[in-house]
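Undergrad: Structure of the sequence below:
(chains A, B, C and D)
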Amino acid sequence: MSVLHTVNKSPFERNGLESCLRYVKKGSSVLLIEDGVFGALAGSTTSTAVKGAMANVAVYALEADVLARGIKGKLLDGVKLVDYAGFVDLVTQHDTTSAWL
Amino acid sequence: MSSIEVAGKMMETDEEGYLLNLAEWTEDAAKVLAAAENVNMTDAHWEVINFLREYYDEYQIAPAVRVLTKAIGKKLGPEKGNSKYLYELFPYGPAKQACKIAGLPKPTGCV
Amino acid sequence: MATKKMLYLNRRAPYGSVYALESLEVVLIGAAFEQDVSLAFIDDGVFQLLKGQNTAAVGMKNFSPTYKALGDYDVRKIFVEKESLDARGLNRDDLLDLTYEDENEGYAEKDSIQVVSRADMAGIIEQNDVVFSF
Amino acid sequence: MKFAVLVSEGPYTHQASDTAYNFCKAALDGGHEIGRIFFYHDGVNNATRYTVPPQDDRNIQQRWSKLAQDHQLDMVVCIAAAQRRGIMDEKEAKRQGLDGHNIAPGFHISGLGQLIEAGIEADRLVVFGD
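TA: Numbers count the residues shown, from 1 in each chain, chains lettered A, B, ... in the order given. This next block holds a predicted model:
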C-alpha cells in the first residue's frame, strides 16, 4: 500500500521530517505543509536527507505555504509544488495518509 | 450545586448527583447516593460496587460495560457476567448509576 | 460495518502535552468498534509506556496504569520501536508489562508489547487503512 | 471519494485549522464528499462562537460554520475534550449546571465513537494538528 506522509513542522525545530523519512517506502510520497515546507530548502542541513529520500519517493510542498514564507526561489530541485486541490488529489492517489505532527 | 448528608457530614454533588470530591467517598456515602437513586444496596450490589472501585484503583478508569460484564463473569461467576444481571441491579445502567454510587468519575458520555 | 486495519501512531511523551492521554481515550472508545487495532510507539511516544511514573508532585492524573487495561479491551498489538528505545537509553525491561488473555489457548496470559525494528515498523505503518496520529 | 477529517488544534495559535479548512474546501470544490469533520484536543476551540478576531483577520469559526451550512457537513466536537476546555452546547451546559453555552452553528457535540466511525466509513482519513 502507498502512503501519503504529511509533515507540518520545520525540520530545524522538530524531528517530524527526520522521523517520517525513516519510514517512507518506495511508492509512497511526502507532502510538506505549513512550517514543514522549510524542509524543502536547498543548501540547508536537511537537504541531503531530503535529496536522499527523493531517490525513492516523491516530495511535494504545498505552494500556498511556500509562497507565504517567501521561499519559492530557494527550493531543492525536484520538489514538486501543489495547491490545495493537488493536496486533495495526492490523498486520493495514495491508500492511506499518515500525519507526522 | 447540591449536596448530600452522610453521617452528619455534608458532601457536595453536581447537578446529576455525582460526588464532586471523590476522595470523600465512604461506604456510608454509597448508601446515601444509592438511596437517592432508589437502589436498595444488597450484597449483590456491593459486589459490583467493590469490583468497580478495585478496577478503578488498579487501572484509573471505569471499565466499559462490556469489559465490566466480562470481568465480573470471570471473578464472580458466569451467571453474573451479563448485562441483564447488571441492569437488574442498576436499572439506569452500570456505567452511570453504579459509577455514581461507587464514587467514580462521571462518565463523559463518550461513545 | 467493514473491518479496517487501524493504527494509533504515538510519537509524544505523556504529561508535557495532552496528546498521549487523549490518544489513549480514543483507543479505549475505539475498542468497542471491533476493528483490527494496532498501537505503535515511536520517538518520544515510547516514554508513555515507562514503568514507575509518579505524577503526585505535578498534580496531574497518572494514566500509565490504564495501559494495563488495554488487554481487557482486546487491544493486543502494541508495537514499540527498538531504535527509539535505544536512542533514549531504554530497553524492554523499562516498559510496563502489558498482557492479554488468549481465549484460544486456555486464557493464557500473553505479552501485548512487541519490540520491533525500524524496518518492521515501516511495514506496520504501511499495512493500515487508517492512521490516527497523535 | 469520501473523506474524514480530524482537526486536533485550535484556531489562531497553529495553522492546522486553516490548512484543514482549505483542504476541506478544495475537496468539496473538487466534487468529493466530506463524511465528517471531527474536532479533538484543542481543536474543539474551533467551535466557540465567542471568537471576535479583528476585522482584517479571518474569522475561523464563522468560516467553518458557513462551510457546514453550504455543504450540510457533519462537524462533530468531542464531548470529553470539549468539557475539559469549556465548549458547551445547551444540553451539556444544563447537564453540568452551567449558566450558558457557546457552541457555534453547524457544530455539534458527540462522543469519540464518531471519530472511529468516520474513520471506518470514509475512504481516507486526513489528520491536521500540531
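Undergrad: avg pLDDT for stretch A:92-101?
TA: Averaging pLDDT along stretch A:92-101 yields 97.
Undergrad: Ok, stretch B:31-42 next?
TA: For stretch B:31-42, mean pLDDT rounds to 96.
Undergrad: same question, stretch D:52-61
TA: Mean predicted confidence for stretch D:52-61 is 96.
Undergrad: is chain C contacted by the biggest helix by length in chain A?
TA: Of all the elements of type helix in chain A, the one with the most residues (DSSP state H) is helix A:84-93. No. Using Cβ under 8 Å from any Cβ of the partner chain, helix A:84-93 stays clear of chain C, with a minimum separation of 12.3 Å. For every residue, glycine as well, the C-beta is placed using N, CA and C.
Undergrad: for the chain, what spans make up the helices?
TA: Just so you know, I chose chain A. A:16-23, A:47-54, A:63-68, A:84-93.
Undergrad: I was thinking of chain D, sorry if that wasn't clear
TA: Secondary structure of chain D by DSSP H: the helices cover D:16-29, D:60-71, D:79-85, D:90-95, D:113-121.
Undergrad: Chain C too?
TA: For chain C, applying DSSP H gives helices covering C:19-30, C:82-87, C:118-126.
Undergrad: between those helices, which gets nearest to chain B?
TA: helix C:19-30 (5.4 Å; Cβ to the nearest Cβ).
Undergrad: Find the least confident helix or strand in chain B, judged by mean pLDDT.
TA: Least confident helix or strand, chain B: helix B:65-76 with a mean of 90, by mean pLDDT, DSSP states H and E.
Undergrad: circling back: can you put the helices of chain D in CSV and add mean neighbour count and distance to chain A?
TA: Shown next, in CSV, are these (neighbours: other Cβ atoms under 10 Å in any protein chain shown; distance: least, Cβ to the nearest Cβ, whole Å):
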stretch, mean neighbour count, distance to chain A
helix D:16-29, 22, 4
helix D:60-71, 17, 13
helix D:79-85, 21, 16
helix D:90-95, 15, 28
helix D:113-121, 21, 11
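Undergrad: In terms of mean pLDDT, which of these ranks lowest?
TA: helix D:90-95 (a mean of 91).
Undergrad: contacting residues around whatever residue of chain B ends up closest to chain C?
TA: Across chain B, the shortest distance to chain C (Cβ to the nearest Cβ) belongs to B:Tyr59, at 4.1 Å. By Cβ atoms under 8 Å, 6 or more residues apart in numbering or on different chains, B:Tyr59 lies in contact with C:65-66, C:68-69.
Undergrad: cool, and A:Lys72?
TA: A:63, A:66.
Undergrad: quick revisit: want to throw the helices of chain A into CSV with mean neighbour count?
TA: Putting the helices of chain A into CSV (neighbours: other Cβ atoms under 10 Å in any protein chain shown) gives the following:
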stretch, mean neighbour count
helix A:16-23, 22
helix A:47-54, 15
helix A:63-68, 18
helix A:84-93, 18
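Undergrad: Just send these back as CSV, with distance to B:Val6 too.
TA: Shown next, in CSV, are these (distance: least, Cβ to Cβ, whole Å):
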stretch, distance to B:Val6
helix A:16-23, 52
helix A:47-54, 64
helix A:63-68, 59
helix A:84-93, 57
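Undergrad: Between these, which one is closest to chain D.
TA: Of all these, helix A:84-93 sits nearest to chain D, with 3.7 Å by Cβ to the nearest Cβ.
Undergrad: Please name every helix or strand in contact with the closest one.
TA: In this structure, helix A:84-93 packs against strand A:3-7, strand A:29-32, strand A:58-62, helix D:16-29, strand D:124-128, with contacts taken as 3 or more Cβ pairs under 8 Å, 6 or more residues apart in numbering or on different chains; DSSP states H and E.
Undergrad: swap the cut-off to 6 Å and go again
TA: On a contact count with 3 or more Cβ pairs under 6 Å, 6 or more residues apart in numbering or on different chains; DSSP states H and E, helix A:84-93 meets helix D:16-29.
Undergrad: can you list contacts of the helix it packs on?
TA: For helix D:16-29, contacts defined as Cβ atoms under 6 Å, 6 or more residues apart in numbering or on different chains pick out A:33, A:84-85, A:87-88, D:3, D:5, D:7, D:9, D:11, D:34, D:46, D:60, D:63, D:71, D:128-130.
Undergrad: what about residue 77, how many residues close to it?
TA: With no chain named, the answer covers chain A. The number of residues packed around A:Asp77, counting by other Cβ atoms under 10 Å in any protein chain shown, is 7.
Undergrad: not what I meant, chain D
TA: By other Cβ under 10 Å, the residues close to D:Val77 number 29.
Undergrad: Contacts only, for it.
TA: Neighbouring residues of D:Val77 by Cβ under 6 Å, 6+ apart: D:39, D:44, D:47, D:87, D:107, D:109.
Undergrad: Would you mind measuring from it to C:Val115?
TA: D:Val77 is 37 Å from C:Val115, where distance means Cβ to Cβ, to the nearest Å.
Undergrad: Could you do B:Asp57 as well?
TA: Relative to C:Val115, B:Asp57 is positioned 29 Å away (Cβ to Cβ).
Undergrad: Kindly report the same for B:Trp25.
TA: Per Cβ to Cβ, B:Trp25 is found 40 Å from C:Val115.
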